[in-house]
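Chemist: missing the sequence, but the structure's below:
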């Protein structure tokens, strides 16, 4: 899964509400993880867990990029 489009948006200083976008993405990631931990969606748990890990890595990468700007 490629998140190059989001990374390019985050690097664009003209993009409004970059912090809000990352905040909302992190909230959704946390919600997904919480529900997975509760045992929801057992038939697709491994796929959703993989998505959650990718979102987490994306958030960390974007935060690192923003520190470098």
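Modeler: Noted; the coordinates are in hand. Keep in mind that what you see is a predicted model, and the values were worked out from it rather than measured. Numbers count the residues shown, from 1 in each chain.

Chemist: going forward, measure contacts between C-alpha atoms and count neighbours the same way
Modeler: OK.

Chemist: what's the burial count for residue 52?
Modeler: For residue 52, the tally of surrounding residues (other Cα atoms under 10 Å) stands at 20.

Chemist: what's near enough to touch it?
Modeler: When contacts are counted by Cα atoms under 8 Å, 6 or more residues apart in numbering, residue 52 touches 29, 32-33.

Chemist: show me the helices in this protein, by range?
Modeler: For the chain, the helices defined by DSSP state H cover 4-11, 18-37, 45-68.

Chemist: pLDDT (mean, whole number) over the shortest one?
Modeler: Confidence over helix 4-11 (mean pLDDT, whole number) is 58.

Chemist: which stretches of this protein have low pLDDT?
Modeler: 1-16, 67-69 (pLDDT under 70).

Chemist: just give me the residue closest to the centre of the protein.
Modeler: residue 55 (3.2 Å; Cα atoms, centre = their mean).

Chemist: and the nearest residue to it once chain neighbours are set aside, how close does it get to residue 49?
Modeler: For residue 55, ignoring the flanking residues on the chain, the nearest one in space by Cα to Cα, 6 or more residues apart in numbering is residue 29 at 6.7 Å. Distance check for residue 29 against residue 49: by Cα to Cα, to the nearest Å, it reads 10 Å.

Chemist: between these two, what contacts are shared?
Modeler: What both residue 29 and residue 49 touch, as defined by Cα under 8 Å, 6+ apart, is an empty set.
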